[in-house]
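Q: Here's my sequence, what's the structure:
(one chain, ligands or ions: 1)
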Amino acid sequence: MSLPKHIHDAIYEYFKHMDGWCTEERACEMAERILETKAKIIVDVGVYAGRSTIGMGFAARELRDSTVYGIDPWKVDSAVEGDDVEANARWWRENSNLEHMHQRTMECIWAHRLDQWVTIIRNGSQYVHQLFPVIDFINIDGCHTEIASCRDVELYLPRLRQHHFLSFDDCDWDSTQKALRMVEEQCDLIKVMSGANEARIYRKR
Ligand SMILES: C[S@@+](CC[C@H](N)C(=O)[O-])C[C@H]1O[C@@H](n2cnc3c(N)ncnc32)[C@H](O)[C@@H]1O
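A: All right, here's what the predicted structure looks like:
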């Protein structure tokens, strides 16, 4: 199934004005997989300024009765949890302005009238996994330290339906390698997207 042109164009148009890291290519790929599997319960771990969440929200709206749950505490302490790379930790402390990014995300959801299809949960992923007994599509892009990325896989992968898709960003970071090995024990690699950071799509066996 190919992505409807209006979703493709919306992602490319609106991302020009948004902060964050999810590329247009990656957002289109995720939207396409959501449509392909008619995913109803869609989880985005790590929202930041909303790029991944909004892109997935366009796909949820197309499906009409699907919902994206965007999970992010927007707290510096969470963003640097277990981070032993001083430059990363410093960036989150000094440059990220997470309060503002939360506000920007909400404004974007409202501006695109996505309220019906996108719900934001402002808390750490480790505290809300129990809300999702079953997940139809997940993007794991929260805190990238080993402790946090492994915990996200441990808590959320068991909830993903068999044969459904998982997207994972920053696959070329040392700190995400252990989490990726855990993913690969249960999932097949479907697609690799290179760019500033490597992103991958997996399908659960
Ligand atoms: C790489 S950014 C996400 C980028 C985003 N997906 C995009 O499209 O640009 C990582 C985000 O994870 C969030 N985060 C940190 N700890 C988290 C946790 N325990 N649960 C969920 N999100 C977390 C940070 O606040 C930050 O906004």
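
Q: Where do the helices of this structure begin and end?
A: 5-14, 24-36, 51-63, 76-79, 86-95, 98-111, 146-156, 177-184 (DSSP state H).

Q: if you compare the ones you listed, which one is most tucked away?
A: Among the helices of the chain, ranked by average contacts under mean count of other CB atoms under 10 Å, first place goes to helix 51-63 (a mean of 25). Any C-beta I mention is one placed from the backbone N, CA and C, and that applies to glycine too.

Q: So for it, mean pLDDT?
A: Regarding helix 51-63, the rounded mean pLDDT is 98.

Q: Would the strand of greatest length in the chain count as contacting the ligand?
A: For the chain, the strand that runs over the most residues, judged by DSSP state E, is strand 160-168. No - Strand 160-168 stays clear of the ligand (CB under 6 Å from any ligand atom), getting no nearer than 9.6 Å.

Q: What pairs with that strand, parallel or antiparallel?
A: Taking DSSP bridges as the criterion, strand 160-168 sits next to strand 135-140 (parallel), strand 199-204 (antiparallel) in its sheet.

Q: so how far is the last one off the chain centroid?
A: Between the centre of strand 199-204 and the centre of its host chain there is 12 Å, according to CA atoms, centre = their mean, to the nearest Å.

Q: contacting residues for the residue in the chain that the ligand sits nearest to?
A: For the chain, the residue closest to the ligand is residue 20, as judged by CB to the nearest ligand atom, at 2.7 Å. Residue 20 sits next to 48-52, 101 when contact means CB atoms under 8 Å, 6 or more residues apart in numbering.
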